[in-house]
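# Sharing a sequence plus its predicted fold:
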Amino acid sequence: MSAQPVKVSDITDESSAQTYLDQMIMTTFCRVLDTSRLPPSLVMRLIATALGTTYREVASAHLDGQCPCGWCPLPTIDIEALRSSLEEAAAPKRIDDLHSMVVAGRA
């Protein structure tokens with residue numbers, strides 16, 4: 001999570017949108033966990049269910065082609081992409097993964 005909070009007005013690209021969503025989901029997770037005393041794994045599943053519900057509602061609204069954004073939902077492909085993203089983000093990062101290594105200098 002970013003050390004400096006991102007406000008909605010700060011969202012200008014994919015990176016700032018990701019940081020904002022990360023912050024909001026972590027805040028929501030912690031609030032629900034703290035107030036409900038539900039187990040963390042259940043709260044995580046509830047968040048996943050909420051994301052699935054959001055996808056279904058947004059996809060349904062786009063099926064008639066009335067939205068000017070042009071998105072055409074492909075549930076089988078979209079849901080697999082969501083599943084893959086969740087798996088990739090949740091998996092422990094390997095130390096030898098070049099994407100997670102800190103640059104030590106220049107070659």
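Alright, I've got the coordinates.

# give the contact list for Tyr55.
Asp78, Ile79, Leu82 (C-beta atoms under 8 Å, 6 or more residues apart in numbering). C-beta coordinates here come from the backbone N, C-alpha and C atoms, glycine included.

# Helix or strand: which one has it?
Using DSSP states H and E, Tyr55 falls within helix 40-62.

# Check which helices and strands the helix or strand that comes right after that helix sits against.
Going down the chain from helix 40-62, the next helix or strand is helix 75-90, by DSSP H and E. Contacts defined by 3 or more C-beta pairs under 8 Å, 6 or more residues apart in numbering; DSSP states H and E place helix 75-90 against helix 40-62.

# How is this protein partitioned into domains?
1-37, 40-92 (automatic domain parsing).

# List the buried residues in the first one.
By neighbour count, and taking 16 or more other C-beta atoms under 10 Å as the criterion, the buried residues in domain 1-37 are Val6, Thr19, Tyr20, Gln23, Val32.

# Averaged pLDDT, stretch 20-37. What do you get?
Model confidence over stretch 20-37, given as mean pLDDT, is 96.

# do stretch 55-64 as well
Computed over stretch 55-64, the average pLDDT equals 92.

# list the buried ones in it?
If you call a residue buried by 16+ other C-beta under 10 Å, then stretch 55-64 has these buried ones: Ala59.

# same check, this time on stretch 70-84
Within stretch 70-84, the residues that count as buried by 16+ other C-beta under 10 Å are Pro73.

# which residues touch Ala17?
Ala17 touches Ile11, counting by C-beta under 8 Å, 6+ apart.

# and the host helix or strand of it, how far out from the chain's middle?
Using DSSP H and E, the element containing Ala17 is helix 14-36. Averaging C-alpha positions (C-alpha atoms, centre = their mean, to the nearest Å) puts helix 14-36 9 Å from its chain's average.

# If anything else comes up later, I'll come back, but that's it for now.
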